[in-house]
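**Student:** Sequence first, then the predicted structure:
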Amino acid sequence: MGLILYVILLWGIYRVTRKAFEFEKTSRMEQVIIPGYSLIMFLVTMDWNAPSIGLLAILAVVAFGIAWFQAAGTEIKVTGELDRYHRPEVLLKKNWQYVVGWAAVFLIGFAVGVVPAGKFSLTELASELGQEVREDLFTFMKFGSSYDWYVWAISGISSYAYTWLLKRREPTIEKALAHQESRRGRRKKEPK
């Protein structure tokens with residue numbers, strides 16, 4: 001990988017991590033759809049044999065621990081306003097705990113793939129990190145990725161658990177992430 005690509009990678013990491021230190025509106029895409037997609041892809045790609053199930057048990061506990069660590073550092077702000085779908089607006093500031101958790105999920109997923117193969121390459125690490133950063137910058141790219149089951153598992157479990165923990169801490173998040181009603185459904189509820 002050339003120097004220019006490393007500079008681009010560092011810029012991408014900066015962009016991804018910078019967002020964690022700013023308040024952002026909760027997003028169904030980030031907190032419901034992508035974790036759900038990751039869990040479905042995990043179920044589809046999982047090798048359902050004893051060693052894989054054992055590894056899954058370990059990864060699930062680790063992923064939940066990462067989610068707990070991330071959620072503990074997240075600041076939640078309920079604005080009191082409604083969005084265009086009449087859902088409450090909730091802002092999240094994920095902070096450094098989220099960045100550490102993001103890095104941990106990436107490194108654990110990478111390590112689980114590298115350890116059995118017995119070969120480590122800095123170029124491969126940079127390439128995988130580049131793909132992860134691209135997907136975080138351009139969310140739609142996650143839907144075309146082909147990961148191994150353990151990457152989908154740790155990513156899906158940690159993301160789902162993170163959202164679940166935030167909902168327990170601030171119940172308004174549940175309403176903020178609710179599926180929008182169709183226009184027809186909203187019109188039926190309006191007084192005539």
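**Tutor:** That came in fine, so what should we check first?
**Student:** Let me know how buried Ser146 is, in neighbour terms.
**Tutor:** Using other CB atoms under 10 Å, Ser146 has 8 other residues around it. To be clear about C-beta, it is placed using only N, CA and C from the backbone, and glycine gets the same treatment.
**Student:** does it sit in a helix or strand, and which one?
**Tutor:** Using DSSP states H and E, Ser146 sits in no helix or strand.
**Student:** Tell me which helix or strand comes right after the lengthiest strand in the chain.
**Tutor:** With DSSP state E setting the assignment, residue counts place strand 75-82 as the longest strand in the chain. Counting by DSSP H and E, the element after strand 75-82 in chain order, helix or strand, is strand 88-93.
**Student:** What's the first helix or strand after that next one?
**Tutor:** helix 95-117.
**Student:** could you dump that following helix to CSV, C-alpha only?
**Tutor:** The C-alpha atoms that make up helix 95-117 are tabulated as CSV, following Å, rounded to 0.1, in the frame of the first residue of the first chain:
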residue,chain,number,x,y,z
ASN,A,95,-17.3,9.6,23.1
TRP,A,96,-13.9,7.8,23.3
GLN,A,97,-15.4,4.6,24.7
TYR,A,98,-17.2,4.1,21.5
VAL,A,99,-14.0,4.6,19.5
VAL,A,100,-12.2,2.1,21.7
GLY,A,101,-15.0,-0.4,21.3
TRP,A,102,-15.1,0.1,17.5
ALA,A,103,-11.4,-0.6,17.4
ALA,A,104,-11.8,-3.7,19.6
VAL,A,105,-14.5,-5.1,17.4
PHE,A,106,-12.4,-4.6,14.4
LEU,A,107,-9.2,-6.1,16.0
ILE,A,108,-11.0,-9.1,17.5
GLY,A,109,-12.7,-9.9,14.1
PHE,A,110,-9.3,-9.6,12.4
ALA,A,111,-7.5,-11.7,15.0
VAL,A,112,-10.1,-14.5,14.9
GLY,A,113,-9.4,-14.8,11.2
VAL,A,114,-5.6,-14.5,11.4
VAL,A,115,-4.8,-16.8,14.4
PRO,A,116,-6.1,-20.1,12.8
ALA,A,117,-4.3,-19.2,9.5
